[in-house]
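> Next one to model:
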Amino acid sequence: MSDGNLPVPPATILCVDDEANILAALRRLFRPAGYKVLLGNSGAEGLQLLEAENGEVDVVISDMRMPEMDGARFLAQVRARWPKAARILLTGYADIESTVAAINQGEIYRYIAKPWNDSEVMLTVKDVLERKALEREKARLEELTRRQNEELKSLNASLEEKVQARTQELALANEKLKTSFMTSIRVFANLIELREGRMAGHSRRVADLSRKTAKQMNLSPRDSQDVFLAGLLHDIGKIGLPDHLLAKNELQMTPEERGLWRKHPLKGEQALMALEDLRGAARLIRSHHERVDGQGYPAGEMEGAIPLGARILAVANDYDGLIQGTLNGKKLNEQAALEFIDKSRGRRYDPAVVDAFLVVCGGIKEPPPVGLPLLPAELEPGMVLARDFLSRDGILLLAADYVLDENLIRQIREYEKSEFGGRITLHIHPPKIVDHE
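The predicted model follows:
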């Protein structure tokens, strides 16, 4: 039996007749169709050709009336020795008894009367070859089924033992994965921090603060774990950002740079979505720059749409950024950072999360600083900020007591146009009154 994947050789047809012109006509008929045609001028020669081909002949076409061995006897021997070869009888006689005898003795597939119609002959041969192809395919499938059944019997005999062994292997492998999972995440977080350069320990600190806050808010163990993992990996989307962009704060960025920067939460989510155990953390990473007032990014979600874990992550992330000086280039002490967080409740941060975070950090509330509210168009060089100037997503752009100059005022006005499309307000220290007396 040939492999079903190997090319099928052309069909072989043996034509036997004692008239040379008949054989020539059959050869002219079959050759253009791509068949391999063998010709024999007698029954004896036909048998010799079959032996030479080791019986690998698909169709045998024999004339009924031939000297020494007629078609009935010849096809009967073909049937006995090579039963797989299909047999067709050509007859020019109306003798029904001879035809019936040939059918009975040789079990021919069909008989064709002389003179024949070429189309009828070709159609007959095509039909018999298609039937043989179906029989071969049936035999192949039956053999395949038999072998598969034997394999199944062998497998079933030891199936229980194999399942137990495999289960033990999987249990050991799963235990190893659990043991190394958190270590791998921490190593990955360290690699992210190496990319950012100046933020050593940032991810670990954010993760620890986030987990403590989640516990303070009575989140489930699974949700607390997602918050912790998101804290370790929240900056993963920044890996693809250019170095010069990582060194800037948002106020210094062009609109194009700001648009690229604000995609990093989405890229972080996409980087982790393929990992089933990190899908919950990935959703938190996506939303950790959203604001409860809907002014955050990347989607501008409001409080109810932002996952609680992401709201927790936002507070812990900004708190550590304030202390490290990565939000505006100026480091704040812990008290000042907590005051910043507390002042941003209800805008950037969920008030309930702020309350829990202050408990975790032991923070206290302080009244906001005073100042004269001015629009960017009203600013003048030499004015001093009375309050921190925040971006719409709560990032510290300029700290209180910053002295404005012409270049910075121009940047603030451009920022108002590109970022808000409307008005923003800055709080300025009132000018000092000089006594001329």
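
> Domain parsing of the chain, as residue ranges.
Using automatic domain parsing, the domain parsing of the chain gives 12-146, 184-361, 372-428.

> Out of these, indicate the one that is most buried.
For the domains of the chain, the largest average neighbour count (mean count of other CB atoms under 10 Å) is found in domain 184-361, namely a mean of 19. All C-beta spots, glycine's among them, are computed from the backbone N, C-alpha and C.

> residue ranges of the strands in the stretch 51-200 of the chain, please?
Secondary structure of the stretch 51-200 of the chain, counting by DSSP state E, counting those that start in this stretch: strands at 59-63, 86-91, 110-113.

> in the stretch 151-300 of the chain, which spans are helices?
Using DSSP state H, counting those that start in this stretch, the helices of the stretch 151-300 of the chain run over residues 159-196, 202-216, 221-233, 243-246, 255-261, 264-272, 279-286.

> shaky segments in the stretch 51-200 of the chain?
Residue ranges of the stretch 51-200 of the chain with pLDDT under 70: 93-102, 104-106, 174-200.

> unless I'm mixing things up, Gly34 is touching Pro10, no?
Yes: contact criterion CB atoms under 8 Å: Gly34 and Pro10 qualify, at 5.2 Å.

> Ok, which of the strands of the stretch 51-200 of the chain comes nearest Leu159?
Comparison of those against Leu159 by CB to CB identifies strand 86-91 as nearest, at 44.7 Å.

> and that closest one, what does it pack onto?
strand 59-63, helix 71-81, helix 96-106, strand 110-113, helix 118-157 (3 or more CB pairs under 8 Å, 6 or more residues apart in numbering; DSSP states H and E).

> Any chance of CSV for the strands of the stretch 51-200 of the chain, columns distance to Asp17?
What follows is these, written out as CSV (distance: least, CB to CB, whole Å):
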stretch, distance to Asp17
strand 59-63, 4
strand 86-91, 7
strand 110-113, 12
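
> Please identify which of these is closest to Lys153.
strand 86-91 (36.3 Å).

> Adjacent strands (with direction) for the closest one?
strand 59-63 (parallel), strand 110-113 (parallel) (DSSP bridges).

> ok, Ala337 to Leu358 distance?
11 Å (CB to CB, to the nearest Å).

> With Phe340 instead?
Distance from Phe340 to Leu358, by CB to CB: 12 Å.

> same deal with Trp261?
Look at Trp261 and Leu358: by CB to CB, they are 29 Å apart.

> same question, Asp350
Distance from Asp350 to Leu358, by CB to CB: 12 Å.

> Can you check which residues contact both of those two?
Common neighbours of Asp350 and Leu358, counting by CB atoms under 8 Å, 6 or more residues apart in numbering, are absent.

> on that earlier part again, ok, which of the strands paired with strand 86-91 comes nearest Ile424?
From the strands paired with strand 86-91, taking CB to CB, the stretch that ends up closest is strand 59-63, at 91.6 Å.

> quick one: the closest one to helix 118-157, angle?
With axes from the mean of the first three to the mean of the last three CA atoms, to 10 degrees defining the directions, strand 59-63 sits at 150 degrees from helix 118-157.

> Contacts for strand 59-63, please.
Strand 59-63 is contacted by residues 11-19, 22, 26, 43, 46, 50, 71, 74-75, 78, 85-92, 125, 128-129 when judged by CB under 8 Å, 6+ apart.

> and the angle from it to helix 71-81?
160 degrees.

> for strand 59-63, the distance to its chain's centre please.
Distance of strand 59-63 from the chain centroid (CA atoms, centre = their mean, to the nearest Å) equals 58 Å.

> I'd assumed Leu260 was in contact with Leu245.
Yes: with contacts counted by CB under 8 Å, Leu245 reaches Leu260, the gap being 6.9 Å.

> okay, the residue nearest to the spatial centre of the chain: pLDDT?
Centroid-nearest residue in the chain: Ala274, 7.7 Å away (criterion: CA atoms, centre = their mean). According to the prediction, Ala274 has pLDDT 79.
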